[in-house]
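Q: no sequence on hand, only this structure:
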């Protein structure tokens, strides 16, 4: 009845505006043979309304008892395969009705002499309008025919864009009409890609996370628009008010106010999902909540963690239960380590200096909800089917149609601009981009992770879906192939998407080389570091980004962040530049060290988030200052003129007591010093003699440096 209500509302909105327009008379039925009056098969046509032509598609077939059955689809209303009633033919005419709709909409028309056309009247609510339908190929057969010769386009495209391999699936309704592999999953071993080859789908994973949440919405376990803190009470953001108000819908529409902050999670194998969600409280935003679209993987991680909270199971188990199992996606997995155990998986590649080079797999299991799924073209076709069939897969309703439509609806403009007049700027729904592609509503999402690029593309109104998986890092090939296929199927004017992109790619490569040659012009020559190299070494920390370690090896500094080690060269002043390394993530990244008022190297600033000021990591004090053995060594009594100072040990810390004053806590600082927690302008340092014995204390105050001698016990 939901479909019927939509049909009724749409048709009567048009019909009521045209009541004064007299309907055209139905044409008389020409004579024809009984054989020509066969209703079976697919028909396309239109109802001619005064203000528009309403496109329709119909399918008819005979049942075992000899009666007819039929269904109607109206793309503009997203009506798909709605059952017809009272389907009849009497030799030269055909009639049928749409049941359960006010106004009793019905069709009655005559066959053409060759039986290939039916013309007549559509009636509803007493109004009559002409219609005409023509026998044609079913959408699946039509699409197959349109893709004849498409293999050659793909093969040529692989060479033009320099892609090792690709797997492509095209889905029409409930049918996979095209599923093939091209090129190689392993260039060195010459192993071919098949439609069953496992590849990483990257950020296409995001829609799986929203789908899982959507099924939990259907079950009443979560509300898209209630604060996340309703389900995760400790959830916080840097902006306290935003943290209190942020909803699950905000998480999956990239409107939290936070920029990417991707280095927080990239290659981070020590933090748990909960750890990363808790770090959000220390990551500064770059905009107010809901005012700007900013792609953010950490928000989708949080959405996945919300799934875990609601189900009491790991995100992987929940997605397997709520999505993979109902859709028959048995080989799809959540880790590149698992993919490599399969007999048919692709190796990842990157193009460097014009050559394709194998690159290491990147394990992003912790960030799974944002991008860790690996799958094949054949299994991703099942995923597409449920999206273009109103949430049904093989007759089973996997998710409520209204929930699915909500995911495919625009909630946040991305701020993009049109590059062509026939392709609109994209908006963002719940884990999907939404735009208008050459007159057709498009819902899609790409995915890029080390060595792999993917695209899922849906045209819900036409019940068409495309899957393109490749094993090349950051290539536009998936989108180019999908658009080429869609153009053919929709009968649009051909555009050489692949050829045009290949030309732009060559121009971009030339410009990149020229730019690289000029990068040293920003360097200030003749400068030196302000400190000895060993003084830059140490452990640095940021509450949101965690630990960054700088080491001196021989005469060269290097830094390690999230298990990625990068050698450093002096650039100018106190700025050092990332050099080539096995993992090139931080190549050409500049670290700038900062000195405190006492002349200590106290912090290092790194441009880890390009929309904000540099992320500052503060240097940690020497670990010896918290070592219980050292604390026992310095504890004791010291004499300052006529005052007695007592240094006591309290757990892993020290206290300072002066008669007549409160007890002060000592806080480890740089340079081997301690500050008084209660009086930050006063600090001290224990002095050792040549034998390593503690001989006294130097006390630093704004008005001078005082010395206290240790009292022998």
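A: That came through, no problem. Quantities reported herein were computed from a predicted structural model and do not represent experimental measurements.
Q: would you check that residue 193 makes contact with residue 346?
A: Yes - counting by C-beta atoms under 8 Å, residue 346 is a contact partner of residue 193 at 6.5 Å. Yep, even glycine has a C-beta here, placed from its N, CA and C like the rest.
Q: which residue is nearest the middle of this structure?
A: In the chain, the C-alpha nearest the mean C-alpha coordinate belongs to residue 203, at 3.5 Å (C-alpha atoms, centre = their mean).
Q: residues near the spatially closest residue to it that is not a sequence neighbour, how many?
A: Distance criterion C-beta to C-beta, 6 or more residues apart in numbering; nearest residue to residue 203, sequence neighbours excluded, is residue 447 at 4.3 Å. Neighbourhood size, residue 447 [other C-beta atoms under 10 Å]: 22.
Q: next one: residue 48
A: 15.
Q: same check, this time on residue 507
A: So residue 507, with other C-beta under 10 Å, has 10 neighbours.
Q: report the separation between residue 172 and residue 480.
A: Going from residue 172 to residue 480 by C-beta to C-beta, to the nearest Å gives 21 Å.
Q: check residue 678 too.
A: Going from residue 678 to residue 480 by C-beta to C-beta gives 65 Å.
Q: same question for residue 602.
A: Separation of residue 602 from residue 480 (C-beta to C-beta) stands at 50 Å.
Q: these two: who's more crowded?
A: Each of residue 602 and residue 480 has its neighbours counted (other C-beta under 10 Å); residue 480 has more, 24 against 19.
Q: need phi/psi at the more buried one.
A: phi -60, psi -40 (degrees, to the nearest 10).
Q: shouldn't the residue nearest to the centre of the chain be within a strand?
A: No - according to DSSP: H, G, I helix; E, B strand; the rest coil, residue 203 belongs to no strand; its state is helix.
Q: secondary structure class for the closest residue to residue 279 other than its chain neighbours?
A: Nearest non-adjacent residue to residue 279, counting by C-beta to C-beta, 6+ apart: residue 544, 5.1 Å away. Secondary structure, three-state DSSP: residue 544 is coil.
Q: mind checking how far residue 544 is from residue 452?
A: As judged by C-beta to C-beta, residue 544 and residue 452 stand 28 Å apart.
Q: which of those two has more neighbours?
A: More neighbours surround residue 452 than the other of residue 544 and residue 452, with 27 against 18 (other C-beta under 10 Å).
Q: who are the contact partners of that one?
A: Residues in contact with residue 452 (C-beta atoms under 8 Å, 6 or more residues apart in numbering) are 199, 200, 201, 202, 346, 348, 469, 470, 471, 472, 473.
Q: do the same with residue 348
A: Shown in contact with residue 348 (C-beta under 8 Å, 6+ apart): 200, 358, 359, 360, 361, 362, 450, 451, 452, 471, 473.
Q: these, buried ones only, as a PyMOL selection?
A: Paste this into PyMOL to select the buried members of the contacts of residue 348, with burial taken from 16 or more other C-beta atoms under 10 Å:
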select buried, resi 200+359+361+362+450+451+452+471+473
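Q: from residue 619, how far out is the residue nearest to the centre of the chain?
A: For residue 203, the distance to residue 619 - C-beta to C-beta - is 36 Å.
Q: cool, and residue 87?
A: On the measure of C-beta to C-beta, residue 87 and residue 619 end up 80 Å apart.
Q: repeat for residue 118
A: According to C-beta to C-beta, residue 118 and residue 619 sit 82 Å apart.
Q: for this structure, give the helix that spans the most residues.
A: For the chain, the helix that runs over the most residues, judged by DSSP state H, is helix 497-517.
Q: which helix or strand lies directly C-terminal to it?
A: Going down the chain from helix 497-517, the next helix or strand is helix 533-536, by DSSP states H and E.
Q: who touches that next one?
A: 529, 550, 552, 555, 557, 576, 593, 600, 601, 604.
Q: pLDDT-wise, which helix or strand of this structure ranks last?
A: Across the helices and strands of the chain, mean confidence by mean pLDDT, DSSP states H and E is lowest for helix 2-16: a mean of 44.
Q: just give me the neighbour total for residue 310.
A: 18.
Q: mind checking pLDDT for it?
A: Reported pLDDT at residue 310 in the predicted model: 98.
Q: repeat for the one 10 residues further on
A: What the model reports as pLDDT for residue 320 is 98.
Q: am I right that it falls within a helix?
A: Yes - per three-state DSSP, residue 320 lies within a helix segment.
Q: and it, how far from residue 328?
A: Counting by C-beta to C-beta, the gap from residue 320 to residue 328 is 12 Å.
Q: and those two? Which one has more around it.
A: Each of residue 320 and residue 328 has its neighbours counted (other C-beta under 10 Å); residue 320 has more, 19 against 14.
Q: how many neighbours does residue 409 have?
A: Other residues close to residue 409 by other C-beta under 10 Å number 13.
Q: and for the residue nearest to it when sequence neighbours are not counted, the neighbour number?
A: Distance criterion C-beta to C-beta, 6+ apart; nearest residue to residue 409, sequence neighbours excluded, is residue 429 at 5.4 Å. Look at residue 429: counted by other C-beta under 10 Å, it has 22 neighbours.
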